[in-house]
Every structure is written in structure tokens, then in C-alpha cells.
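Student: Pasting the sequence and the predicted coordinates here, then a few questions.
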Amino acid sequence: MSKVVTGRMTHQHEGELVVFHIGMQINRWWRPDLWMPAFFAMPRMLRELSADPDSGMLGYQLLLGAGGPYVVEYWSSIDKLYAYASNSSQEHRPAWTAFNRAARKAPGSVGVWHETFVVERAESMYVSTKPIGLAKATELIEVGHRHDRAKARMADGRTDQGN
């Protein structure tokens with residue numbers, strides 16, 4: 001289990017960064033026959049991606065929203081995200097096909113959504129937290145003196161250790 005990292009920390013990452021949000025909206029809780037297969041498919045996908053260092057997924061965070069569960073994923077490239085989504089020999093494509101088949105049985109019972117962001121620059125701050133978000137998916141570093149303010153971190157698009 002992760003320990004709390006005291007002090008003012010931020011993340012550092014070189015190269016392309018993609019943030020992908022994907023979630024499920026359960027509109028009819030009394031129809032677990034329709035939403036549970038999608039619910040249980042996500043952990044299989046996350047295990048598969050986490051086990052493959054070449055997958056492109058840097059890390060993820062599981063969350064619970066008002067309509068149901070969702071995941072924030074961090075990827076090293078948009079091409080790797082798309083390659084995973086379309087690969088029929090991996091977990092996603094069969095799960096997506098099964099979801100569409102089930103959704104046609106009772107339209108509106110369960111929904112899925114996603115948002116994809118190719119990030120040019122990102123700013124983060126973590127004060128006395130366990131590694132989370134970008135810092136957990138990339139590299140956690142101490143906030144340097146020159147980057148004490150969010151505006152400075154965003155302006156550089158990177159952080160500067162110790163300065």
C-alpha cells in the first residue's frame with residue numbers, strides 16, 4: 001500500500017500524454033443482467049493493460065460518479081489507446097460487442113461514455129497525499145522553488161527539481 005508523501009510534490013513526464021475518461025451510467029439498477037457484464041469487463045481490461053508494459057497505459061484511477069463507476073486512464077500515446085480499443089484479440093473489443101448486443105435488448109438501461117484528451121501541458125500539485133493521478137501514472141517529484149506556483153508550472157509545461 002502506498003504511503004503518504006509529505007511535502008509539495010508534482011508530476012513529471014516527457015513525451016505524449018493522453019488522458020482517457022471512460023465510464024458506465026447505470027440507468028436501471030434493477031437490470032443487473034444488462035449492466036453487470038460491462039461492470040466486470042473493465043477490471044479484466046485494466047489487468048490486461050497493466051500486465052503489458054508495451055500497452056501504452058501508464059496508470060489509472062477508479063472512481064465512482066453520480067451515475068456509476070468510471071476510470072481515468074493515462075496513456076503514453078493516442079495511437080496505443082486506439083490500437084488497444086480496436087484489437088479483437090484483447091479484452092476490449094469482445095466486451096464492446098457484448099455491450100452493444102445487451103444494450104439493444106433494453107435501450108436506455110445502461111450507457112457508456114468516454115472522453116479523450118491529448119494533453120499538451122499539464123500542471124499538478126500534491127500536498128501530503130499518497131501517489132495519485134498523474135503523479136502515480138508518471139513520475140512524482142518535489143516542487144522546485146521556481147515552480148512553487150501553479151502558473152509557473154503550467155507556463156513551463158514541466159517542473160524543475162530543486163530550483
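Tutor: Thanks, I have it. Numbers count the residues shown, from 1 in each chain.

Student: Only C-alpha atoms from now on, for both contacts and neighbour counts.
Tutor: Fine.

Student: Next, the buried residues of the helix or strand containing residue 81.
Tutor: For residue 81, the enclosing helix or strand under DSSP states H and E is helix 78-86. Buried residues in helix 78-86, counted by 16 or more other C-alpha atoms under 10 Å: 78, 81, 84.

Student: helix or strand right after that helix?
Tutor: Downstream of helix 78-86 (by DSSP H and E), the next one is helix 92-105.

Student: Next, the angle helix 78-86 makes with that next one.
Tutor: Counting by axes from the mean of the first three to the mean of the last three C-alpha atoms, to 10 degrees, helix 92-105 lies at 60 degrees to helix 78-86.

Student: Buried residues, helix 92-105. List them.
Tutor: Here helix 92-105 shows 92, 95, 96, 99, 102, 103 as buried, counting by 16+ other C-alpha under 10 Å.

Student: which one of those is nearest residue 132?
Tutor: Among the buried residues of helix 92-105, residue 92 lies closest to residue 132 (C-alpha to C-alpha), at 24.7 Å.

Student: which ones are touching the closest one?
Tutor: 41, 45, 84, 85, 86 (C-alpha atoms under 8 Å, 6 or more residues apart in numbering).

Student: doesn't the first one fall inside a strand?
Tutor: Okay, so that is residue 41. No - remark: residue 41 does not belong to a strand; assigned using DSSP: H, G, I helix; E, B strand; the rest coil, it is helix.

Student: separation between it and residue 91?
Tutor: Residue 41 sits 8 Å away from residue 91 when distances are taken as C-alpha to C-alpha, to the nearest Å.
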